[in-house]
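Peer 1: predicted structure and sequence below. I'll ask about it afterward.
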Amino acid sequence: MKNLSVILMASNPVTLPDALDSILAVVPDYSELVVGVAPNLPLVARRLLETVPRVRLLPGTNDIDEAGRVRFRLLDECSSEWILNCDDDDLLTFLPTVDDLARKTAHIFGDCIFLVPFAVGPFKAGYCTVLKGGPIHHPSEAYHAAGSAWLIRREAWQQVSPLIDRSYFWFSDFRIIFWLLRLGWKIKYIPRLMGIVRVLKWNYPEGPEWLWSNFVKSLEAQHQT
């Protein structure tokens with residue numbers, strides 16, 4: 001796909017090679033790969049990144065509290081019409097065409113496989129399921145977006161960027177969709193498997209305030225101000 005930027009946060013040297021291979025296999029003709037490189041990423045992994053075509057390396061993080069700022073900065077740095085998000089512990093499996101999309105379509109996502117190789121959090125080792133996405137028409141439905149592989153139109157990102165709180169990482173994908181819909185953009189669900197999410201650690205926040213149904217109320221309140 002021409003005129004495509006790919007963003008990737010690189011912090012896991014074990015899973016990074018497979019993630020890169022999946023990107024190169026699915027979208028070998030991307031325009032640029034913009035990578036946030038964690039400061040303690042081993043030299044061998046950094047050298048691997050340096051061999052990738054059309055790559056641009058920027059400072060990244062190992063701190064989940066800083067991951068939001070890094071991801072949003074990577075989006076800011078992109079120069080292509082479309083931007084593809086990938087995670088370094090996941091695998092990209094499919095990229096939909098954007099040629100026939102309506103002009104106001106800003107974000108595209110599909111289904112994903114949710115795989116837990118080792119026992120972590122509430123899951124037993126080997127747990128695997130398919131996370132199905134679904135159509136999203138209202139901002140409160142942003143949680144229907146499945147997986148970490150998604151496309152966003154750069155023009156749309158530039159419009160929502162000032163509205164995004166960059167001080168934390170959680171719900172970053174959902175928050176982008178929330179504000180896109182608030183600004184009148186459209187979200188496109190593709191009923192195809194777009195990626196494999198490999199869950200290797202469990203560091204998700206807990207508490208009622210981190211339920212999407214509760215969290216979205218704070219976004220709604222922000223929208224009213």
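Peer 2: Received the coordinates, thanks. Residues are numbered from 1 along each chain as shown.

Peer 1: rest of the way, CA atoms for contacts and neighbours
Peer 2: Noted.

Peer 1: got any ranges where the chain has weak pLDDT?
Peer 2: The chain contains residues with pLDDT under 70 at 225.

Peer 1: that one: helices as residue ranges?
Peer 2: In the chain, the helices defined using DSSP state H lie at 16-26, 43-50, 67-77, 154-160, 172-182, 212-224.

Peer 1: so which of those helices is the most packed in?
Peer 2: helix 172-182 (a mean of 21; mean count of other CA atoms under 10 Å).

Peer 1: using a markdown table, lay out the helices of the chain together with distance to V199.
Peer 2: Output for the helices of the chain, formatted as a markdown table (distance: least, CA to CA, whole Å):
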| stretch | distance to V199 |
| --- | --- |
| helix 16-26 | 14 |
| helix 43-50 | 20 |
| helix 67-77 | 17 |
| helix 154-160 | 27 |
| helix 172-182 | 17 |
| helix 212-224 | 20 |
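
Peer 1: quick one: closest of the ones you listed to V34.
Peer 2: helix 67-77 (6.5 Å; CA to CA).

Peer 1: ok, back up a step: out of the helices of the chain, the one nearest I196 is which?
Peer 2: helix 16-26 (9.9 Å).

Peer 1: against which helices or strands is the closest one packed?
Peer 2: Applying 3 or more CA pairs under 8 Å, 6 or more residues apart in numbering; DSSP states H and E, one finds that helix 16-26 contacts strand 90-92.

Peer 1: what's the strand it packs on packed up against?
Peer 2: Looks like strand 90-92 contacts helix 16-26, strand 186-198 (3+ CA pairs under 8 Å, 6+ apart).

Peer 1: let's have these in TSV, adding distance to L43.
Peer 2: Putting those into TSV (distance: least, CA to CA, whole Å) gives the following:
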stretch	distance to L43
helix 16-26	13
strand 186-198	23
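
Peer 1: follow-up on the earlier one: ok, which of the helices of the chain comes nearest F94?
Peer 2: Evaluated over those, closeness to F94 peaks at helix 16-26, with 6.3 Å, by CA to CA.
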